[in-house]
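A.B. asks: Pasting the sequence and the predicted coordinates here, then a few questions.
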Amino acid sequence: MLLDRGSIDLVLVPSGLAILFGYHLFLLYRILRFPHTTVIGYENHNKRAWVERMLQMTPEDTGLALQVISSNISASSNLASLSIALSSIIGTWAGSTSKVFMTEVIYGDTSQATSSVKYIALLICFLAAFTCFIHSARYFVHASFLMSTLDSDIPVSFVQTAVIRGGNFWSMGLRAMYFATTLLLWIFGPIPMFLCSVFMVVILHFLDTSSTPLHQYQFSSNKRWVKRVDRPLRNIQCNPLYSPSWNIS
């Protein structure tokens, strides 16, 4: 028995959202239990090693690490601006959409209540993406403050946590954009929305799966830093004008 035009949204739209949410719950389980099988876990492993190596560099070389973090801050800020701009466009579109276009082209529920739900869901996704990107920039800024603190005893785990959380919020913002893309097709009917949900889950499963084994990084001691420390000590010991003011019995 075929569904009528008014009730097809009640079946296909929840089914598409259930597929998306179910996949992301499965992805979250893999990240928590088997992170080496996901791209996010692979990237977090490399970020930990990168932070550890950057903190071993000399204070003069911290500009490289700050430049990398600055590029991430810029990307998060640009996507946050894009998300809030799209939210404004959706709000304007919701107030000026033609009823004739909706009834003639869309196969599904074209009532005013359903249309309002569509636009509200889109606004929620874009605002969620905006919030995630803003938090991503916030954590990257915090990481830059920690890494630019010279001659400090800040634990490496503090910087690693800030960088990884910034990357995780970045990923969450992208996921919100993916959900918004699916809900955007709902404006043109529940059938395109359902097909986009299935297609997106297939593509995301391919992109989120990692078969590359985690590399166990081993860092050598920074020879330039050792030279910078040993040089003044060597000069002090060889200076004939230097006379210590203490005696060792």
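C.D. replies: Received, thanks. Numbers count the residues shown, from 1 in each chain.
A.B. asks: how about the strands in the chain?
C.D. replies: According to DSSP state E, the chain carries no segments that qualify as strands.
A.B. asks: Let's check: the centremost residue of it is which one?
C.D. replies: Closest to where the C-alpha atoms of the chain average out (C-alpha atoms, centre = their mean) is residue 170, at 1.6 Å.
A.B. asks: With adjacent residues omitted, what lies nearest to residue 180?
C.D. replies: Closest residue to residue 180 in three dimensions, ignoring its sequence neighbours and counting by C-beta to C-beta, 6 or more residues apart in numbering: residue 125, at 3.7 Å. Where you see a C-beta, it was placed from the backbone N, CA and C, and this is true even at glycine.
A.B. asks: Check the gap between the residue nearest to the centre of the chain and residue 120 for me.
C.D. replies: 25 Å (C-beta to C-beta, to the nearest Å).
A.B. asks: ok, now residue 60?
C.D. replies: Plainly put, residue 60 is 52 Å away from residue 120 if you go by C-beta to C-beta.
A.B. asks: and these two? which has more neighbours close in?
C.D. replies: For residue 60 versus residue 120, neighbours defined as other C-beta atoms under 10 Å are more numerous around residue 120 (13 against 9).
A.B. asks: where exactly do the helices run in the chain?
C.D. replies: Applying DSSP state H to the chain gives helices spanning 9-33, 39-54, 62-96, 99-105, 112-147, 156-186, 190-208, 223-238.
A.B. asks: Show me where this structure dips below the pLDDT cut-off.
C.D. replies: Per-residue confidence of the chain (counting by pLDDT under 70) places the weak regions at 1-6, 91-109, 219-249.
A.B. asks: Residue 177: how many residues sit nearby?
C.D. replies: Residues near residue 177, counting by other C-beta under 10 Å: 19.
A.B. asks: Also the one 4 residues further on?
C.D. replies: Taking other C-beta under 10 Å as the neighbour definition, residue 181 ends up with a count of 15.
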